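# Requesting a structural model of the entry that follows:
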Amino acid sequence: MSETELRNPFGLRDNRIILIKDIPVNQNGLKCNCVCPACKEPFIAKMGNVLVHHFAHSGKGCDATRSYMTGLYMLLQEFLETKNPLYIPPVIVAFELSPYYCINENNIQSHTKLLSRSIDDKQEILLYEESRMIFDSTQILNNKDCMSQVIIAEKSGKQLAIRITPPDTICKIGTVYKYKNLPTLEINLSSDGTNIQLSNKENIFNYLISNKLIYNWIYNPKVRRVYPQIIKRSKAYFDSAQNKIKEAKRQAELRAEQHRLENIELQKKIAEMKKVNYIIHQQELEKQKSIDEENAKKERDKKYNVGLAEVEKLFTQQSKPIRDSYGIRWIQCEKCKEIKPSNQFVYYGGNNHANLGLCNKCSSEHKKF
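The predicted model follows:
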């Protein structure tokens, strides 16, 4: 990013960081007596009425981003060295419990996360409470490109690495990583570009004191202390979950077997019901058949009686067939003298013998002899 695009609020005067908001208007230009925090070349205080107030190199100078980042880290160092207490967020280890796998020494890092604020205390272990710390000494370290990259703050012989995520308007460095194997704390200023640009030193110091949300743990080696506890809890959860899964499976199998047996019993009942219904249906058919036969018999008897009454006095002649009103032909048995319908005769008819014959009954009796 060029210097014309980056509006740098950090200058160095008397070997101390000063912000453009702390420069009186009558000290604009070179009268501010400031130099670049990085290359120490003279700075101009630009405090016009068009652009936001900022510092700029009077000559070619160094990279604008390097100058900004150096000033930002020096400001934080001054904050710490003037015995302002730095907020240290709680050390919380979150972990995943699963019924399908156990956390162990080989996979624990992929199933745990270092937090600076609680999300779900059911699956979190608080290793250290939040605190505020005043450090004994501080040191800014640069990378190979001479860009400030970390402050090493020391307290009672113990070191803390502090890394700054700068405003997005300065440089988008993405995720900041741990520094070596030191516990590493991030101060995330990615959305504070305008706030820094328009604030004086006192306001920024107050902001660093009051805003806990900008502080995040990147790395803390002490989280390993709770690994055995997490592994134990994961094992207990896994075993319990597996037992529940097995019991649920067993219950499902029992229900399936019970359902199968009930289905078999149901099929038996259905088959039995079909059998009973079939028997009842057959009985109803037989009953209806008997009724039909009885009705048919009554109808036949009716026709017989009516027909007989119509024809019994007509057998004085034998030249013409004798029929009743139903069209049934009647014959008189020459042996038993009974008058019956023609279908009950073995034979009948002939010249002068039209209405005489031998009935079935008399024919059967004759054969017995």
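
# The longest helix seen in the chain - what's its average pLDDT?
The residue-count maximum for a helix in the chain (DSSP state H) belongs to helix 227-311. On average, the pLDDT along helix 227-311 is 94.

# Let me know the secondary structure of Q159.
Under the three-state scheme (DSSP: H, G, I helix; E, B strand; the rest coil), Q159 adopts strand.

# Correct me if wrong: it contacts I152.
Yes - taking contacts as C-beta atoms under 8 Å, Q159 lies within contact range of I152: 5.5 Å. All C-beta spots, glycine's among them, are computed from the backbone N, C-alpha and C.

# So for the two, which residues contact both of them?
L182 (C-beta atoms under 8 Å, 6 or more residues apart in numbering).

# low-scoring stretches of the protein, by residue?
Scanning the chain for pLDDT under 70 picks out the ranges 1-5, 171-174, 366-369.

# Which residue ranges make up each domain of it?
10-89+130-219, 312-368 (automatic domain parsing).

# Return the distance of stretch 143-162 from the chain's centre.
With C-alpha atoms, centre = their mean, to the nearest Å as the basis, stretch 143-162 stands 44 Å off its chain's centre.

# Enumerate the positions of that stretch that are buried.
By neighbour count on 16 or more other C-beta atoms under 10 Å, the buried set for stretch 143-162 is M147, S148, Q149, V150, I151, I152, A153, L160, A161, I162.

# Farthest-apart pair in these, please.
M147 and L160 (20.4 Å; C-beta to C-beta).

# Which parts of this structure are helices?
Under the criterion DSSP H, the chain carries helices at the ranges 64-81, 193-197, 201-210, 227-311, 360-368.

# And those: which comes nearest S131?
helix 201-210 (13.6 Å).

# which residues touch the closest one?
17-19, 21-22, 75-76, 79, 84-87, 187, 192, 195-196, 199, 214.

# what's the answer for stretch 42-54, then?
7-9, 11-12, 20-21, 23, 25, 27-32, 34-36, 55-59, 197-198.

# Identify each buried residue in it, please.
P42, F43, I44, A45, K46, M47, H53, H54.

# now those as CSV including distance to I291?
Below are the buried residues of stretch 42-54 laid out as CSV (distance: C-beta to C-beta, whole Å):
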residue, distance to I291
P42, 130
F43, 124
I44, 126
A45, 124
K46, 121
M47, 122
H53, 118
H54, 117
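
# Report the two of the residues you listed separated the most.
Within the buried residues of stretch 42-54, two members stand farthest from each other by C-beta to C-beta: P42 and H53, at 17.2 Å.

# Next one: the most centrally placed residue in the chain from Q242, what distance?
The structure's the chain has its C-alpha centroid closest to S98; by C-alpha atoms, centre = their mean the separation is 15.2 Å. From S98 across to Q242, the span is 11 Å (C-beta to C-beta, to the nearest Å).

# Report the beta-bridge partners for I140.
I151 (DSSP bridges).

# for P42, same thing?
Going by DSSP bridges, P42 forms beta bridges with V35.

# got it, and the one 4 residues further on?
Here K46 sits in beta bridges with H54, going by DSSP bridges.
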